[in-house]
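Chemist: coordinates only, no sequence provided:
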């Protein structure tokens, strides 16, 4: 599995696993989403790639640094593409960096990389 290729519900699933949740990907009415089982509360939709509060908790918990990084490439309108970077600078065992079009996706990809490949 390549972390850079993970998106949507699949990325949410692996983030949930990295955070210790019992998770599964559900497909219903053309929508795929990650569902977690929260003890004493039941099932909940878990989408840190779409929910900035969930992504921010992950970022703060693991001391990630997030910021924009312009690329040399041009978009269809002639402007520079905006890319976000998430970096694990404060982690003594894993110094990774992930990029994505969204800061939340960058945080999620970094969390998966740290949890499963940073050991």
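Modeler: Thanks, I have it. As the structure is a computational prediction, the values presented were derived from the model and not from experiment.

Chemist: wouldn't residue 36 be in contact with residue 23 here?
Modeler: Yes - shown here, residue 36 and residue 23 form a contact pair, counting by Cβ atoms under 8 Å, at 4.8 Å. Where C-beta positions appear, they are placed from N, C-alpha and C, glycine not excepted.

Chemist: strands of the chain, residue ranges please.
Modeler: Using DSSP state E, the strands of the chain run over 22-28, 31-38, 42-45, 65-74, 80-87, 97-100.

Chemist: need the residues touching each of residue 36 and residue 23.
Modeler: Common neighbours of residue 36 and residue 23, counting by Cβ atoms under 8 Å, 6 or more residues apart in numbering, are 16, 46.

Chemist: most tightly packed of the strands of the chain?
Modeler: For these, average neighbour numbers computed from mean count of other Cβ atoms under 10 Å are highest in strand 97-100, which has a mean of 19.

Chemist: just give me the longest helix of this structure.
Modeler: helix 103-117 (DSSP state H).

Chemist: what does that helix contact?
Modeler: By Cβ under 8 Å, 6+ apart, helix 103-117 touches 3-4, 6-7, 11-12, 14-15, 17-19, 48-52, 55, 58-59, 62, 64, 66, 84-88, 91, 94, 96-100.
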